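Asks: Fold the following.
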Amino acid sequence: SAPPAVRPAALGAHGRDPEAVRRYVEEFAALMVRTGVPPMAARVLTGLFTADSGSLTAAELVRLLRVSPASVSKAVGYLEKLELVRRERGRRRERYVIDDDVWYRTWTTSARAHEELAESSARGVAILGAATPAGARLNGMGRFFARLGEDMSGGPSIAAGGDALTVMAALVHARAPLTADRLAGALGWSADRVAGALEDAARHPESLDPLTLRRSGVGAYEAVAVPGRLTAAQRDRLRRTAHPVDA
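Replies: Just a heads-up that it's a prediction; the model follows:
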């Protein structure tokens, strides 16, 4: 026979409405399922979250969810791999625990994963070629995860994408300021792609060092040396070395 359900008195602790608690637990579990969590894992996670203690034994989960011990064990194993649940050895029984900072840890782990995807995409662009369809596709993916990781981590931490570096190289090669339209024409790119590359370059100046992107008053862009990288004396000597006649 099926294990007995949790007693209404337990659901109604602290003056709660037992039926309202049941409906909320079902609603919360269903939401987790829609976000990609397996149904049984979602039910176990919901049971732990809505328990005042933040922990339950396997037997308590079996009674709460009316499922087999094997189902609970499999779901807990899945949640452990995601570092959402941990085991705690009690005097008599093992308890499954969910910590109060679990979402913070999950958030930082997810941010790191997005950064790794962005970095991997950049390596793929370098191998496949930024000008190829596959390289452009990977570059778009990398830019998406770079921005997502940056937003989640609360600050710039992802290097500019391959397109930004290509635009900087184009400006160095041109040796003159170019507008976005002229860059697009010279590189054979769309206006949106150039705009995205310029935005990446502006958002991640640290990844362009020793160059930086500078915009002129006429809407053109140029690649210049990072201010302060060279001393005034070094700049003067370089100018005289490059243009001995003018010196």
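Asks: Check the offset of the biggest helix by length in the chain from the chain's centre.
Replies: In the chain, taking DSSP state H as the definition, the longest helix is helix 102-128. Relative to the centre of its chain, helix 102-128 is centred 6 Å away, using CA atoms, centre = their mean, to the nearest Å.
Asks: Pull out the buried positions in the helix or strand just after it.
Replies: Going down the chain from helix 102-128, the next helix or strand is helix 133-153, by DSSP states H and E. The neighbour-count check on helix 133-153 (16 or more other CB atoms under 10 Å) flags 135-136, 138-143, 145-150, 152-153 as buried. Any C-beta I mention is one placed from the backbone N, CA and C, and that applies to glycine too.
Asks: which strands and helices sit next to helix 133-153?
Replies: Helix 133-153 is packed against helix 102-128, helix 162-174, helix 191-203, with contacts defined by 3 or more CB pairs under 8 Å, 6 or more residues apart in numbering; DSSP states H and E.
Asks: Please convert these to a markdown table, extending it with mean neighbour count.
Replies: As requested, those are exported to a markdown table (neighbours: other CB atoms under 10 Å):
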| stretch | mean neighbour count |
| --- | --- |
| helix 102-128 | 16 |
| helix 162-174 | 20 |
| helix 191-203 | 19 |
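Asks: nearest to residue 219, of those?
Replies: Closest approach to residue 219 among the helices and strands packed on helix 133-153 (CB to CB): helix 191-203, 11.1 Å.
Asks: Just want the angle from the closest one to helix 133-153.
Replies: Counting by axes from the mean of the first three to the mean of the last three CA atoms, to 10 degrees, helix 191-203 lies at 40 degrees to helix 133-153.
Asks: Start at 59, not 1
Replies: Sure, I'll start counting at 59 from here, so that last one is helix 249-261.
Asks: Mind giving me the packing neighbours of the helix or strand that helix 249-261 is followed by?
Replies: Next helix or strand after helix 249-261 toward the C-terminus (DSSP H and E): strand 269-273. Packed against strand 269-273 by the contact rule (3+ CB pairs under 8 Å, 6+ apart) you find helix 220-232, helix 249-261, strand 278-283.
Asks: List the contacts of the first one.
Replies: What that stands for is helix 220-232. Residues from elsewhere that reach helix 220-232 (CB atoms under 8 Å, 6 or more residues apart in numbering): 180, 183-184, 188, 193, 197, 200-201, 235-236, 241, 244-245, 247, 251-252, 254-256, 258-259, 262, 265-266, 269, 271, 279-281.
Asks: Pull out the buried positions in stretch 115-124.
Replies: Judged by neighbour count (16+ other CB under 10 Å), stretch 115-124 contains these buried residues: 116, 118-123.
Asks: export that stretch as CSV, just CAs?
Replies: Output in CSV follows, covering the C-alpha atoms of stretch 115-124 (Å, rounded to 0.1, in the frame of the first residue of the first chain):
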residue,chain,number,x,y,z
THR,A,115,15.3,12.0,6.0
ALA,A,116,14.7,9.6,3.2
ALA,A,117,11.8,8.1,5.1
GLU,A,118,10.2,11.5,5.6
LEU,A,119,10.6,12.3,1.9
VAL,A,120,9.0,8.9,1.0
ARG,A,121,6.0,9.7,3.2
LEU,A,122,5.8,13.3,2.0
LEU,A,123,5.9,12.5,-1.7
ARG,A,124,4.3,9.1,-1.6
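Asks: Quick one: list the elements packing against the longest helix of the chain.
Replies: Using 3+ CB pairs under 8 Å, 6+ apart, the elements in contact with helix 160-186 are helix 191-211, helix 220-232.
Asks: out of those helices, which comes closest to residue 298?
Replies: The nearest among those, by CB to CB, is helix 220-232 at 21.5 Å.
Asks: which neighbours does the next helix or strand after that closest one have in its sheet, and in what orientation?
Replies: Following helix 220-232 in sequence order, the next helix or strand is strand 236-237 (DSSP H and E). Paired neighbours of strand 236-237 in the sheet (DSSP bridges): strand 278-283 (antiparallel).
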